[in-house]
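[1] Need coordinates for the below:
(chains A and B, ligands or ions: 2)
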Number of protein chains: 2
Amino acid sequence: WLPSAGAGAAPDPLPSWVAGASKSAIVQFVTTVTDAGSDGFVPPAERIATFDNDGTLWSEQPLYFQGYFALQQIRDMAPDHPEWKEREPYRSVLANDLPALLAHGKAGLMEVLLTAHSGMTADEFVASVARWREKARHPGTGKPFTQMVYQPMLELLDYLRDNDFKVYIVSGGGVDFMRVFAEEVYGVPPEQVVGSTLDATLEMRDGIPTIVKAPKLVLIDDKAGKPVGIYRHIGRRPILAGGNSDGDLQMLEYTTVQRSGADTTPRLGLIVHHTDAEREYAYDRDSHMGRLDKALDVAPERGWLVVDMKRDWKRVYPGEQ
Amino acid sequence: WLPSAGAGAAPDPLPSWVAGASKSAIVQFVTTVTDAGSDGFVPPAERIATFDNDGTLWSEQPLYFQGYFALQQIRDMAPDHPEWKEREPYRSVLANDLPALLAHGKAGLMEVLLTAHSGMTADEFVASVARWREKARHPGTGKPFTQMVYQPMLELLDYLRDNDFKVYIVSGGGVDFMRVFAEEVYGVPPEQVVGSTLDATLEMRDGIPTIVKAPKLVLIDDKAGKPVGIYRHIGRRPILAGGNSDGDLQMLEYTTVQRSGADTTPRLGLIVHHTDAEREYAYDRDSHMGRLDKALDVAPERGWLVVDMKRDWKRVYPGEQ
Ligand SMILES: [Ca+2]
Ligand SMILES: [Ca+2]
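    Ligands and ions are numbered 1, 2, ... in the order given. Down below sits the predicted model:
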């Protein structure tokens, strides 16, 4: 008897989140902004949420995943560039000598990135990312890189969309790189991906108007560049922003800092803190990838939610028990 | 008797369009791409439509409406710039001497535009556009500028959205200018407005992260810049593009030119041809604003729909009989 007991309860929208303060804060925020009777109600059109990608939606150790793509891309381009065998920083890439590459500093890395991401058509670039995605495996886990996304965050994106949020990725990573898989992997369509951006030109090739990627940055979507990217692409302030490093500090401040006494809209800043050396990685203040230092210091005074991966997540990657 | 006769007929979604070839072509296109049983079916996520603004969604004579805003902005800023009384091109603006201003050529106009659109915070800029919109009147019609939008095009935008299109504005006009009213006037939210773009910086002012507009163009969203803007902001090719001038030629080509034999998606290019000197304006090949020459020549071979304003539209502006 009592066959209908519990039948009225909605299924848990965040099953991979441990019941606790972090999960409660998220559910409380979404409940408030979607409750038409609440003082904190936000109309659907203004429910903009922006998430960093590397270290927030997928892993970023021991190297940003786009870095692996760039190295592969250089190797694939090498047959057309015999001079690279003698020329740095390409020689180091082709010799698989990562320490030697890193010794060339930011300028060397930037040259590799620009070369790997320009000089081809937009369609050719998409094809090269798709090929890499198909074949490449993470050196630590052996998984395809796009399986190293965080199951709890996928649930959060779905939960927000189910509550009429428009979910954006706002990442230091390359916009054209992420757009190849963001819709399939995250449910985020290309037009809702903002990232570091190379210029492009339009050329008529064999009668077909063709976009060609140029080796010139028009947006570095990191640190202060994130609010600038949000302003350029979205044109309104998010009510929720999630990140994992000091590169997200300005985006979280731009999203959450009250602008005046009249600015009473509820706002949520969220930081994914990598605390789980066993299931993923543990790093913060001293990491070369995703350094989290200043943002961790100011989180309490800013009222940001610091998600403790080890404590708050039942599983990290999809398919785990 | 027969009280239900005709009750099953859907109301006409385009009541301000004259029954004829143009209206039929639009309805036929939308019917095809939304019919799941048709070979030309397009999934909703790919139903991207992009429209030029000046001369396509609202009037642009005798001067682009944003030009009137810029002139007013310079007059409003003048008290803080006493030196402008003696300095061109500002002296001409303050003297209301349009011929003298135009004599300074593109460089002079660009200086006026950059000055009018930068140096203030994003919020201050929004307020100045909103003030202008409230007070300014068109010199010919006496109407507020945002009432000089085309009723048939408003119906077309609604019709497309009702059929799960995502409608964008892709205009040579300034993105920050259009975003102030695009949602209210066109139903197009800020994140779906692409336009010519000035750089911006993030500054902490009195503890508040503040976007400040900079006098440096990062996108001229005209001609070849339109497909580049679409690529940057949307990241996929539209299936419908509408414009009215040679500034839209590349956007229409990018949208409609078949890329390969496998590219069988139905695509629609649409040109608003200003043929109605009585109700609006009549101009094309010789106009300083919205010159339509090359695009008119290639329209037949490209299969673009040339909308004849006089013949195809029952009314031009909202509220007309
Ligand atoms: Ca990150
Ligand atoms: Ca135009």
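[2] Flag every residue of the stretch 1-150 of chain A that's near ligand 1.
    A:D52, A:D54, A:G55 (C-beta under 5 Å from the ion). (C-beta placed from N, C-alpha, C; glycine too.)
[3] which residues does A:I220 contact?
    A:G172, A:S196 (C-beta atoms under 8 Å, 6 or more residues apart in numbering or on different chains).
[4] how near is it to ligand 2?
    32 Å (C-beta to the ion, to the nearest Å).
[5] can you pull the pLDDT of that residue?
    Here, the pLDDT recorded for A:I220 equals 97.
[6] circling back: same list, the residues of the stretch 1-150 of chain A next to ligand 1, but as a markdown table with neighbour count and pLDDT please.
    Output for these, formatted as a markdown table (neighbours: other C-beta atoms under 10 Å in any protein chain shown; pLDDT from 0 to 100):
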| residue | neighbour count | pLDDT |
| --- | --- | --- |
| A:D52 | 29 | 98 |
| A:D54 | 23 | 98 |
| A:G55 | 27 | 98 |
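[7] quick check, nearest of these to chain B?
    A:D52 (16.2 Å; C-beta to the nearest C-beta).
[8] Tell me which residues touch that closest one, please.
    Applying C-beta under 8 Å, 6+ apart to A:D52 gives the contacts A:I169, A:V170, A:S171, A:G172, A:K226, A:G242, A:G243, A:N244, A:S245, A:G247, A:D248, A:M251.
[9] Ignoring the adjacent residues along the chain, who's closest to it?
    Distances taken as C-beta to C-beta, 6 or more residues apart in numbering or on different chains place A:G243 nearest to A:D52, at 4.0 Å, with adjacent residues excluded.
[10] re earlier: out of the contacts of A:D52, list just those in strands.
    A:I169, A:V170, A:S171, A:G172, A:G242, A:G243 (DSSP state E).
[11] quick one: which of those is nearest to A:Y64?
    Among the ones in strands among the contacts of A:D52, A:G172 lies closest to A:Y64 (C-beta to C-beta), at 8.4 Å.
[12] What is the neighbour count of that closest one?
    Using other C-beta atoms under 10 Å in any protein chain shown, A:G172 has 23 neighbouring residues.
[13] Check A:M309 too.
    19.
[14] Same check on A:A9?
    7.
[15] Now do it, the pLDDT please.
    71.
[16] Quick check: it vs A:E86, distance?
    67 Å (C-beta to C-beta, to the nearest Å).
[17] re the thing from before, partners of the residue nearest to A:D52 in the sheet?
    A:I271 (DSSP bridges).
[18] And what about the residue in the stretch 151-300 of chain A that ligand 2 sits nearest to, helix, strand or coil?
    Closest approach between the stretch 151-300 of chain A and ligand 2, counting by C-beta to the ion: A:L202, at 17.9 Å. When classified by DSSP: H, G, I helix; E, B strand; the rest coil, A:L202 comes out as strand.
[19] pLDDT score for it?
    98.
[20] Give me the neighbour count for the residue nearest to it when sequence neighbours are not counted.
    Distance criterion C-beta to C-beta, 6+ apart; nearest residue to A:L202, sequence neighbours excluded, is B:A224 at 4.2 Å. Residues lying near B:A224 (other C-beta under 10 Å) number 20.
[21] Now do the same contact list for B:A224.
    By C-beta under 8 Å, 6+ apart, the neighbours of B:A224 are A:T201, A:L202, B:Q250.
[22] Contact partners for the residue of the stretch 151-300 of chain A closest to ligand 2?
    Contacts of A:L202 (C-beta under 8 Å, 6+ apart): A:P209, A:T210, A:I211, A:V212, B:A224, B:P227, B:V228, B:Q250, B:Y254.
[23] The first one bridge partners, please.
    Legend: beta-bridge partners of A:P209 under DSSP bridges are A:M204.
[24] thinking again about what came up before, of all the residues of the stretch 1-150 of chain A next to ligand 1, which comes closest to ligand 2?
    A:D52 (37.0 Å).
[25] Which of the ones in strands among the contacts of A:D52 sits closest to B:Q61?
    A:V170 (39.4 Å).
[26] circling back: would you reformat the contacts of A:L202 as CSV and include pLDDT?
    Formatted as CSV, these follow (pLDDT from 0 to 100):
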residue, pLDDT
A:P209, 98
A:T210, 98
A:I211, 98
A:V212, 98
B:A224, 98
B:P227, 98
B:V228, 98
B:Q250, 98
B:Y254, 98
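[27] Pull the most distant pair out of those residues.
    Farthest pair in the contacts of A:L202 (C-beta to C-beta) is A:V212 and B:Q250. Separation: 13.6 Å.
[28] Contact residues of chain A facing chain B?
    Chain A has residues A:45, A:48, A:122, A:166, A:175-176, A:179, A:183, A:189-191, A:193, A:197, A:199-202, A:207-209, A:211, A:218-219, A:224, A:227-228, A:231-236, A:250, A:253-254, A:257, A:259 near chain B, with proximity defined as C-beta under 8 Å from any C-beta of the partner chain.
[29] Could you pull up the residues touching A:Y254?
    If you count contacts by C-beta under 8 Å, 6+ apart, then A:Y254 has A:K226, A:P227, A:I230, A:R237, A:A241, B:L202, B:P209 around it.
[30] helix or strand for the closest residue to the second one other than its chain neighbours, which one?
    The spatially closest residue to A:P227, leaving aside those adjacent along the chain, is A:Y254, at 4.0 Å (C-beta to C-beta, 6+ apart). Secondary-structure element containing A:Y254, defined by DSSP states H and E: helix A:249-256.
[31] Export only the CA atoms of that helix, formatted as CSV.
    In CSV, the C-alpha atoms belonging to helix A:249-256 read as follows (Å, rounded to 0.1, in the frame of the first residue of the first chain):
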residue,chain,number,x,y,z
LEU,A,249,38.9,36.6,-10.7
GLN,A,250,37.7,39.6,-12.8
MET,A,251,34.8,37.6,-14.3
LEU,A,252,33.6,36.6,-10.9
GLU,A,253,34.0,40.2,-9.6
TYR,A,254,32.2,41.7,-12.6
THR,A,255,29.4,39.2,-12.1
THR,A,256,28.9,39.5,-8.4
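[32] ok, back up a step: buried ones from the ones in strands among the contacts of A:D52, can you make that a PyMOL selection?
    To isolate the buried members of those in PyMOL, using 16 or more other C-beta atoms under 10 Å in any protein chain shown:
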select buried, chain A and resi 169+170+171+172+242+243
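[33] Which members of the ones in strands among the contacts of A:D52 are the farthest-apart pair?
    Farthest pair in those (C-beta to C-beta) is A:G172 and A:G242. Separation: 14.0 Å.
[34] So A:V257 versus A:A49, what's the distance?
    17 Å.
[35] These two: which has the busier surroundings?
    A direct count of neighbours by other C-beta under 10 Å for A:V257 and A:A49 places A:A49 higher, at 23 against 16.
[36] give the contact list for the closest residue to the more buried one other than its chain neighbours.
    Distances taken as C-beta to C-beta, 6+ apart place A:L240 nearest to A:A49, at 4.1 Å, with adjacent residues excluded. For A:L240, the contact set (C-beta under 8 Å, 6+ apart) comprises A:F29, A:I48, A:A49, A:T50, A:L160, A:F165, A:T255, A:R267, A:L268, A:G269, A:L270.
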